[in-house]
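Chemist: the sequence and its predicted three-dimensional model are supplied below.
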Amino acid sequence: MANLTGLFQRGGSYYLRVVLPQNHPLLVKYRSGRLIQTLGSCSHRDAVRQGTVIRAQVLVGQSPATSPPPGAVRSSRPSVAVMTVRLRDVYDRWVQSKPLTADSIAACGRAVKLFEAQTGNPALQDLTRNQGDAFRAWLHTLPTTSKTARDRLNWVKSLLKYASQELEIIPKSPWVGLDIKTRTTAKRQPWSDQHLKALFGHDIWQRAQLPTDTKAGGVAAYWLPLLSLYTGARCSELCQLKPTDIGATGTTPTIKITDDAEGQCVKSSASHRVVPIHSELIRLGFMDYAKSISGPSLWPKLPQRAGKPGGYFSQYFGFLRRSLGIPPHTVFHSFRHNVRTALTESRTPETTIDRILGHESGGSVGARVYTHVPIESLQSAIETLQYPAQALVQEVAAQI
């Protein structure tokens, strides 16, 4: 029989040592951070059997049963009551295990509820691969996309992996390898000239009439779409900007996209970048606006979701887009497609495009690591971005 983590022998009897994770609820009782429990057995097989149950019990936050008093008669094969551990017990422990975003906790919680509803919520020790296949098939019947179904299955699989590898409640996840293939849905498209004119013909950009929806963030509603159209930056990257992120590299006005400040995050290491500010943004007064803000956020009235800075603004922008009759496949993220398409058509080198958009460059390791793109080259590329709709946008920033 395999060894058990923390199992040791002293004076002929077996004991179990469990090191409690940080923030574990039993740390209040076991201040040393360790729990040592006698198993009352000289049999390695029985000790492993008992220790596995106790370890699982402890790691999901339950105190182990009190050991018999010294001198008590023990049978050579003591009976062990099998502890019932369910997926929600593991979920509750996972939530406490490390810093997690509210979105991740909520998404995983929804997957657990679906698991409980479809499977009947069995003990993890009794969970079978056949139940996993049935759960996967059931997810396909729900009125969601295949990607959503796959995400829900993966959340459950992640908890089972956590129960196996971290908590050692089960020897192995029975659902390893189960997957859902996603179907390609309608791809996001660049904004057409027609739709750009519809958007920037709105009173926000024509008469400085800012929306009253708090999710729009006041003046952020005016600047964020324009910034994305002329930088290719993601919505979350723009929503988390600080006034100190607007500056200059040499004589070139730039936006710094980073995760240096509290509350900032980027998608990958390649997303750390400096993007020149297009002359059209300067004409419209963006630099003057940035200099006028002294608080911690470039958008003082924009609410931000923890772990997803652009979450609320995306909701507002979706409503605005639909109200203008712009189709579902044209979204805020589509501005990035416009930028890549325009830069490609202007014969901008692929490496320069990747630097601007924050994509990992292809090619050899040397090309990715050692190729440097001068700020002057980035600025020249940015200035090639020209859109028919830009003539529609009025210099109304001073009125906002």
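Modeler: Ah, there it is. Treat the numbers as computed from the prediction; the structure is a model and nothing was measured. Numbering: from 1, shown residues only.

Chemist: do I have it right that D92 meets V85?
Modeler: No: applying CB atoms under 8 Å, one finds D92 not in contact with V85, separated by 10.8 Å. Glycine gets a C-beta too; all of them are placed from N, C-alpha and C.

Chemist: need the residues touching each of these two.
Modeler: V60 (CB atoms under 8 Å, 6 or more residues apart in numbering).

Chemist: who has more neighbours, the two?
Modeler: V85 (22 against 16; other CB atoms under 10 Å).

Chemist: test my guess that the more buried one contacts P122.
Modeler: No: using CB under 8 Å, V85 is not in contact with P122; the gap is 10.5 Å.

Chemist: so what does whichever helix in the chain runs longest touch, helix or strand wise?
Modeler: Determined from DSSP state H, the single longest helix within the chain is helix 102-119. The contact analysis (3 or more CB pairs under 8 Å, 6 or more residues apart in numbering; DSSP states H and E) places helix 102-119 against helix 87-97, helix 129-141, helix 146-161.

Chemist: as TSV, those helices with mean pLDDT would be great.
Modeler: Shown next, in TSV, are the helices and strands packed on helix 102-119 (pLDDT from 0 to 100):
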stretch	mean pLDDT
helix 87-97	90
helix 129-141	95
helix 146-161	94
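
Chemist: now tabulate those in a markdown table and tack on distance to S192.
Modeler: Below are the helices and strands packed on helix 102-119 laid out as a markdown table (distance: least, CB to CB, whole Å):
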| stretch | distance to S192 |
| --- | --- |
| helix 87-97 | 44 |
| helix 129-141 | 34 |
| helix 146-161 | 25 |
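
Chemist: quick one, which of those helices gets closest to G61.
Modeler: In terms of CB to CB, the element of the helices and strands packed on helix 102-119 nearest to G61 is helix 87-97, at 6.3 Å.

Chemist: that older thread, the longest helix of the chain to helix 87-97, inter-axis angle?
Modeler: In terms of direction (axes from the mean of the first three to the mean of the last three CA atoms, to 10 degrees), helix 102-119 departs from helix 87-97 by 170 degrees.

Chemist: okay, buried residues for helix 102-119 please.
Modeler: C108, A111, V112, L114, F115, Q118, T119 (16 or more other CB atoms under 10 Å).

Chemist: returning to that earlier point: what's the closest of the helices and strands packed on helix 102-119 to Q37?
Modeler: When those are compared by CB to CB, helix 87-97 sits nearest Q37, at 18.7 Å.

Chemist: mind exporting that closest one as CSV, just the C-alpha atoms?
Modeler: Taking C-alpha atoms only, helix 87-97 is exported to CSV below (Å, rounded to 0.1, in the frame of the first residue of the first chain):
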residue,chain,number,x,y,z
LEU,A,87,-17.6,18.6,-3.8
ARG,A,88,-18.9,21.6,-1.9
ASP,A,89,-16.6,20.8,1.0
VAL,A,90,-13.7,20.9,-1.4
TYR,A,91,-15.0,24.1,-3.0
ASP,A,92,-15.2,25.8,0.5
ARG,A,93,-11.6,24.8,1.2
TRP,A,94,-10.5,26.0,-2.2
VAL,A,95,-12.0,29.4,-1.7
GLN,A,96,-9.9,29.8,1.5
SER,A,97,-6.7,28.4,-0.1
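
Chemist: hmm, who's touching that helix?
Modeler: Contacts for helix 87-97 (CB under 8 Å, 6+ apart): 21, 23-25, 59-61, 105, 108-109, 112, 115-116, 121, 124, 156, 159-160, 162-163, 166-167, 169.
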